[in-house]
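J.: Predicted model and sequence follow; I will ask about them next.
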Amino acid sequence: MKHFEIAKYLLWIQLAFGVANSIATFIYWSNAKIEDPSLKFVLDNLPITVAITVVMYIVMFVLCLMIVRGKNWARILYLIGTLIGVVSIFGKSKDMTPWGPATMWLGLLVSLYISWVLFFTEARENFRRPDSRGK
């Protein structure tokens, strides 16, 4: 299987895993004693938090769909999101779920692999304009 085929499957798996992880995290937080004021704020405003999370996953779904369809802007936005993830992973809260660090690092590694595939393998040919492919 080519790298791009693997990356396309990983995009959808990563999205589904993120949704499941968000649901599990909300359940964990609602049953945990939270000391971090920022997480207390999130829990106190749970309907807003859930709405923002749903919108985020809708945007991510559209982004994944556009990457699969070969839209170059979507590939660039995915790379920007991955780079933000690299920078932000070091500033995460200490009041995470027990599985939080593992899922963050796994997600980051998968994002880095997908970004590498989209920019440095034969997959980049899928993002060229139809009139410039094969030239």
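T.: It's in. Residues are numbered from 1 along each chain as shown.

J.: Does the lowest-mean-pLDDT helix or strand in the chain pack against any helices or strands, and if so which?
T.: Lowest on mean pLDDT, DSSP states H and E among the helices and strands of the chain sits helix 37-44, with a mean of 77. Taking 3 or more C-beta pairs under 8 Å, 6 or more residues apart in numbering; DSSP states H and E as contact, the helices and strands that helix 37-44 lies on are helix 3-31. Bear in mind the C-beta positions are built from the backbone N, C-alpha and C, glycine included.

J.: same question for the helix it packs on, mean pLDDT?
T.: Here the mean pLDDT over helix 3-31 is 90, rounded to a whole number.

J.: what packs against it?
T.: Applying 3+ C-beta pairs under 8 Å, 6+ apart, we find helix 3-31 packed against helix 37-44, helix 46-68, helix 100-120.

J.: That one: which residues count as buried?
T.: Of the residues in helix 3-31, 3-4, 7-8, 10-11, 14-15, 18, 21-22, 25-26, 29 count as buried by neighbour count, 16 or more other C-beta atoms under 10 Å.

J.: again with stretch 114-121
T.: 114-115, 117-118.

J.: outside of that stretch, which residues touch it?
T.: For stretch 114-121, contacts defined as C-beta atoms under 8 Å, 6 or more residues apart in numbering pick out 2-4, 6-7, 10-11, 14, 67, 75, 78-79, 82, 123-124, 127.
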